[in-house]
Structure formats: C-alpha cells, structure tokens
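Engineer: Sequence plus the predicted model coming up.
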Amino acid sequence: MQVDEYVTGKVQEVFHELKRLGLCKTEMPFWVRHFESESLNGEQEFIEWLQFIYLPNCAQKNSMAKNDIAMQAVRFLGKDPSKERLLQLLVELDALG
C-alpha cells in the first residue's frame, strides 16, 4: 500500500469518527468560505476547519504539509475524554505527513 492510500484511509477514519461523535455538519459555515489564516477560536471552529478545510485537502492532494494537526487537536479537544479516539487518529494522520 502506498503512502497516498494510507493518507486517504486515515482521512476516512477521521471523518467516520467525527460522524460517530455527532460532530459533522451538513453545511459549510460562512467563515470557512472566507478563511484567511485567522486563528481558530474554539473547539467548534477547529472541528469545522478540520471537516471542511484540512481533511478535504489531505484527501484531495494525498500529501500534506507538516501541520502538526495533533498538537492543535490536543489544544482544542484534549480535555474531552470522549474525543480520545479522534485525537489518536489525528496523531496517526500526522505520522503519515
């Protein structure tokens, strides 16, 4: 299996976990369409950024700039034990980058 397939598979796992946790949105928030490197202000914006910007870019390009996404995820999600699996998947996704 090539690295591209691992990345695509891991992205799908992260999406599945977001859905399992009930965090996926059906519509893209307005701010995402006009994203200009603003800092994310909270967990909800991080999840939206993850769903609508980061993960689609990973899947589409099959390559990622080293973003240390897991470190950001810990910052926004680390206090919630129900998101432990999501954090683990993001650590694994980072390892592929």
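Structural biologist: Yep, that arrived.

Engineer: Okay, Leu55 and Ala73: tell me how far apart.
Structural biologist: 12 Å (CB to CB, to the nearest Å). To be clear about C-beta, it is placed using only N, CA and C from the backbone, and glycine gets the same treatment.

Engineer: who's more crowded, the two?
Structural biologist: Taking other CB atoms under 10 Å, Leu55 and Ala73 do not tie; Ala73 has more neighbours (24 against 20).

Engineer: where's Lys10, which helix or strand?
Structural biologist: Counting by DSSP states H and E, the element that carries Lys10 is helix 3-20.

Engineer: Kindly report the same for Lys79.
Structural biologist: Going by DSSP H and E, Lys79 is not part of any helix or strand.

Engineer: repeat for Met28
Structural biologist: Applying DSSP H and E, one finds Met28 in no helix or strand.

Engineer: That one touches Trp49, doesn't it?
Structural biologist: No. At 10.7 Å, Met28 does not count as touching Trp49 under the criterion of CB atoms under 8 Å.

Engineer: neighbouring contacts of the least confident helix or strand in the chain by mean pLDDT?
Structural biologist: Lowest mean confidence among the helices and strands of the chain (mean pLDDT, DSSP states H and E): helix 30-33, at a mean of 76. Residues from elsewhere that reach helix 30-33 (CB atoms under 8 Å, 6 or more residues apart in numbering): 38, 45, 48-49, 52-53.

Engineer: at 7 Å instead, please
Structural biologist: For helix 30-33, the surrounding residues in contact (CB atoms under 7 Å, 6 or more residues apart in numbering) are 48, 52-53.

Engineer: hang on, the earlier thing: more neighbours: Met28 and Trp49, which one.
Structural biologist: Of the pair Met28 and Trp49, Trp49 is the one with more neighbours under other CB under 10 Å, namely 20 against 12.

Engineer: Just the pLDDT at that one, thanks.
Structural biologist: On pLDDT, Trp49 comes in at 88.

Engineer: could I have the helix or strand containing it exported to CSV, CA atoms only?
Structural biologist: When elements are assigned from DSSP H and E, Trp49 belongs to helix 43-49. Output of helix 43-49 as CSV, limited to C-alpha atoms (Å, rounded to 0.1, in the frame of the first residue of the first chain):
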residue,chain,number,x,y,z
GLU,A,43,-13.4,23.6,19.6
GLN,A,44,-16.3,24.1,17.2
GLU,A,45,-14.3,26.2,14.8
PHE,A,46,-11.5,23.7,15.0
ILE,A,47,-13.9,20.8,14.1
GLU,A,48,-15.3,22.9,11.2
TRP,A,49,-11.9,23.7,9.9
